[in-house]
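> Next one to model:
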Amino acid sequence: MPLCPKVIHLLLLTPVIAASVGEPLTIDNFRATVLSDKRVWAVEVASEYCGSCQEFAPEWKKVEDRFRNTVKFGQVIIEDEKAMSLAEELGVLDAGIPSVLIFDGANEQGTSFVSGELKTSSILVKELESHFTQFAKDDDGFHLKQKKGGTGDL
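Below you'll find the predicted structure:
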């Protein structure tokens, strides 16, 4: 039986939820999950209702596919109240979403690679490859965070 036009219209207006890339992060688990880990983390901050975020999602998925064996991935979806608190604490909302922060030991706020603008996966991969050349790897092949102002393990 075919769907009536009203149902089709409703389905088209429902936001498309991007394929999740990475571990869900909130104010409750961020410090223990990302900051205390010795591995480098790439964290996306996005909204399920943000058109730019939906447009960026497939590009970010390609980046995750490229680096999944060398970098840990997390995702902050701001519809969740505790995730919104984390986004506010990280200060990314003023610059806009989607945002991508790299937590590499330089600071607890992360290094911004995307701040509201859209980048293609090829541009992001080049930028991240260049950034990650300075990091040692653990036995599993994951990039390790650097000490603040130095190199090596935390």
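> just the strands in this structure please.
23-24, 41-46, 72-77, 99-103, 111-115 (DSSP state E).
> Could you pick out the longest helix of this protein?
helix 51-67 (DSSP state H).
> for the record, mean pLDDT for that one?
Mean per-residue pLDDT for helix 51-67: 95.
> what helices or strands is that helix leaning on?
strand 41-46, helix 121-132 (3 or more CB pairs under 8 Å, 6 or more residues apart in numbering; DSSP states H and E). For the C-beta atoms, the positions are set from N, CA and C on the backbone; glycine is no exception.
> what residues does that helix touch?
Contacts of helix 51-67 with the rest of the structure, by CB atoms under 8 Å, 6 or more residues apart in numbering, involve 15-16, 18-19, 21-22, 42, 44, 46-47, 73, 96-98, 100, 114, 116, 118-121, 124-125, 128, 132.
> Just say which of the helices and strands packed on helix 51-67 is most tucked in.
Burial of the helices and strands packed on helix 51-67 is given as mean neighbour count (mean count of other CB atoms under 10 Å); strand 41-46 ranks first at a mean of 26.
> strand partners of it, parallel vs antiparallel please.
Strand pairing for strand 41-46, using DSSP bridges, gives strand 72-77 (parallel), strand 99-103 (antiparallel).
> can you list those in a markdown table and add mean pLDDT, mean neighbour count and distance to Arg31?
Supplementary listing: these in a markdown table, determined by pLDDT from 0 to 100; neighbours: other CB atoms under 10 Å; distance: least, CB to CB, whole Å:
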| stretch | mean pLDDT | mean neighbour count | distance to Arg31 |
| --- | --- | --- | --- |
| strand 72-77 | 97 | 21 | 12 |
| strand 99-103 | 95 | 23 | 11 |
